[in-house]
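1. Here is my input; please provide its structure:
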Amino acid sequence: MQHRALIVGVSGIIGSALAVKLLHSGWRVYGLSRGRTPVPEGCEAIVADLTDGQSVTAALKDLAVDRVFFTAWSRQATEKENIRVNGAMVSHVLDALGASMAGGHAALVTGLKHYLGPFEAYATGAVPVTPFREEQGRLPVDNFYYAQEDRLFAAAKRHGFTWSVHRPHTIVGYAIGNAMNMGVTLAVYATLCKYTGQPFIFPGSAMQWHGLTDMTDSRLLASHLEWAATHDQGKNQDFNVVNGDIFRWRWMWSQIADYFGVSPAPFPGQASPLGERMQDAPAQWTDIAARFGLREANIDNLVSWWHTDADLGRPMEIVTDMSKSRKAGFTGYQDTRDSFIDLFDRLKAERIIPA
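-> Alright, predicted model coming up:
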């Protein structure tokens with residue numbers, strides 16, 4: 001049987017990789033988005049405002065799918081607003097599809113803020129001991145991930161479908177205009193350093209520089225989502241999902257520097273946030289884009305200084321346990337250095353950064 005999937009947020013870093021994966025596997029794929037960026041070739045585009053229930057209902061009224069993947073979120077000013085808006089987005093889609101999802105499966109992508117807390121209370125409470133494990137459960141704080149999960153669980157019970165929750169670490173993958181994209185942000189930063197002569201300084205904390213960490217390739221996450229949606233072991237389960245290797249940023253920083261032909265600056269001993277140092281970057285990037293004929297001259301469409309600063313500025317070690325997935329049968333692995341290099345190579349091929 002050919003599966004029919006709806007990917008919510010198909011143009012994002014996760015959704016686009018998932019669409020490519022499912023299409024390659026022979027699925028029929030529909031992609032729901034705001035319609036601002038193209039969907040992957042072969043994907044059937046559906047345009048709606050996820051925050052508007054009537055818009056979603058109208059867009060999905062004639063759609064019949066057996067798998068739904070939630071890969072989108074909308075950043076709001078406060079966590080209470082995140083809960084209201086992002087929780088409603090899940091409900092809007094599942095209410096619109098309703099009983100047609102009976103016997104199907106819905107997957108929700110959240111992340112490690114399940115264990116760390118939301119951005120406005122980021123790691124301010126008692127952070128669970130690493131490596132993070134699924135049985136550690138929820139923190140006693142407001143978190144829109146929990147609201148999304150609760151909406152998913154309730155709809156699954158009401159309409160008779162199974163569910164899975166996927167918690168990646170920081171994602172490396174190709175997407176332009178994405179609000180949380182460290183890989184592209186670092187590529188732009190390294191390019192600026194190369195052509196303006198400014199030092200390639202690690203922007204994060206001493207703990208992140210010296211401590212162990214891991215990441216998630218969008219392609220591996222796509223494989224994990226497909227696996228959970230097609231195997232009994234993935235039904236009604238929550239899973240961490242990371243590449244499977246660990247590293248220290250003091251090593252990875254030199255690898256990225258070598259790729260771009262810049263010298264890694266000595267670590268200054270404390271965080272040096274990009275958001276505070278990149279005031280001249282928009283004009284500098286405009287000049288670089290004109291010089292090399294790049295596709296995007298507006299740096300704001302490429303970088304997420306705030307998100308990269310938040311991830312690399314963490315004051316604690318972040319390592320994620322994958323035992324639950326391994327025991328259930330998922331054995332995917334991805335080398336994180338290769339994730340970065342593959343992304344950088346594609347950014348050059350697509351004329352996003354200079355070749």
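2. how about the strands in the chain?
-> Applying DSSP state E to the chain gives strands spanning 4-8, 28-33, 44-47, 67-70, 105-109, 162-168, 171-172, 212-213, 216-217, 237-241, 247-248.
3. Just the angle for the second one relative to strand 4-8, thanks.
-> In other words, strand 28-33. Interaxial angle, strand 28-33 versus strand 4-8 (axes from the mean of the first three to the mean of the last three CA atoms, to 10 degrees): 20 degrees.
4. Strand 28-33 - which strands sit beside it in the sheet, and in what orientation?
-> With DSSP bridges as the test, strand 28-33 is paired with strand 4-8 (parallel), strand 44-47 (parallel).
5. buried ones in the shortest one?
-> Just to be clear, that refers to strand 44-47. By neighbour count on 16 or more other CB atoms under 10 Å, the buried set for strand 44-47 is residue 46. No exception for glycine: its C-beta is placed from N, CA and C like everyone else's.
6. before we move on, back to that, what about the strands of the chain, which gets the closest to residue 200?
-> Minimum separation from residue 200 across the strands of the chain (CB to CB) falls at strand 247-248, 16.8 Å.
7. can you tell me the average pLDDT over the closest one?
-> Average pLDDT, strand 247-248: 98.
8. Can you spell out which helices and strands pack onto that strand?
-> For strand 247-248, the packing partners by 3 or more CB pairs under 8 Å, 6 or more residues apart in numbering; DSSP states H and E come out as strand 212-213.
9. Now for the closest residue to residue 278 other than its chain neighbours, how many residues are close by?
-> Spatial nearest neighbour of residue 278, excluding adjacent residues (CB to CB, 6 or more residues apart in numbering): residue 305 at 5.8 Å. Per other CB atoms under 10 Å, the neighbour tally for residue 305 reads 20.
10. Now for residue 305: which residues touch it?
-> Neighbour list for residue 305: 185, 273-275, 278 [criterion: CB atoms under 8 Å, 6 or more residues apart in numbering].
11. Show me the helices in the stretch 1-150 of the chain, by range?
-> Along the stretch 1-150 of the chain, the stretches classed as helices by DSSP state H, counting those that start in this stretch are 13-24, 53-60, 79-97, 113-116, 144-159.
12. Pick the most buried one from those.
-> Compared across these, helix 13-24 shows the largest average neighbour count, a mean of 24 (mean count of other CB atoms under 10 Å).
13. Tell me how far the residue nearest to residue 278 lies from residue 266.
-> Distance from residue 305 to residue 266, counting by CB to CB, to the nearest Å: 22 Å.
14. What pLDDT is listed against residue 181?
-> pLDDT at residue 181 comes out at 89.
15. can you pull the contacts of it?
-> Counting by CB under 8 Å, 6+ apart, residue 181 has contacts 13, 171, 173, 175, 303-304, 307.
16. ok, 10 Å please
-> By CB atoms under 10 Å, 6 or more residues apart in numbering, the residues touching residue 181 are 12-13, 170-175, 187-188, 218, 302-304, 307-308, 343.
17. before we move on, what about residue 107?
-> Here residue 107 is in contact with 5, 7, 18, 67-71, 152, 162-166, 224-226, 228-229, 234, 239 (CB under 10 Å, 6+ apart).
18. repeat that with 7 Å
-> Neighbouring residues of residue 107 by CB atoms under 7 Å, 6 or more residues apart in numbering: 69-70, 164, 166, 225, 228-229.
19. now residue 87
-> 144, 147-148, 151.
20. how near is residue 217 to residue 337?
-> 11 Å.
21. Which one of those two is surrounded by more residues?
-> Under the neighbour definition other CB under 10 Å, residue 217 and residue 337 were set side by side, and residue 217 has more, 28 against 16.
22. Mind pulling the model confidence for the more buried one?
-> We have a pLDDT of 98 for residue 217.
23. my guess is it meets residue 334, correct?
-> Yes. Here residue 217 reaches residue 334: they are 4.3 Å apart, a contact under CB atoms under 7 Å.
24. Find residues that contact each of those two.
-> Common neighbours of residue 217 and residue 334 (CB under 7 Å, 6+ apart) are residue 243.
25. and the closest residue in space to residue 148 that isn't next to it in sequence, what is it in contact with?
-> Leaving aside its sequence neighbours, residue 148 sits nearest to residue 90 (CB to CB, 6+ apart; 5.0 Å). Going by CB under 7 Å, 6+ apart, residue 90 touches 70, 148, 151-152.
26. and the two most separated of those?
-> Largest separation among the contacts of residue 90 by CB to CB: 70 and 151, giving 9.8 Å.
27. mind checking how far residue 258 is from residue 114?
-> Taking CB to CB, one finds residue 258 at 34 Å from residue 114.
28. try residue 161
-> From residue 161 to residue 114 the distance is 22 Å (CB to CB).
29. Highest neighbour count among the contacts of residue 107?
-> residue 69 (32 neighbours).
30. While we're on that residue, how confident is the model there?
-> pLDDT, residue 69: 98.
31. same thing with residue 101?
-> Taking residue 101 on its own, its pLDDT is 95.
32. Tell me how many other residues crowd the closest residue to it other than its chain neighbours.
-> Residue nearest to residue 101 in three dimensions, not counting chain neighbours: residue 161, with 4.5 Å by CB to CB, 6+ apart. Residue 161 has 24 neighbours, counted by other CB under 10 Å.
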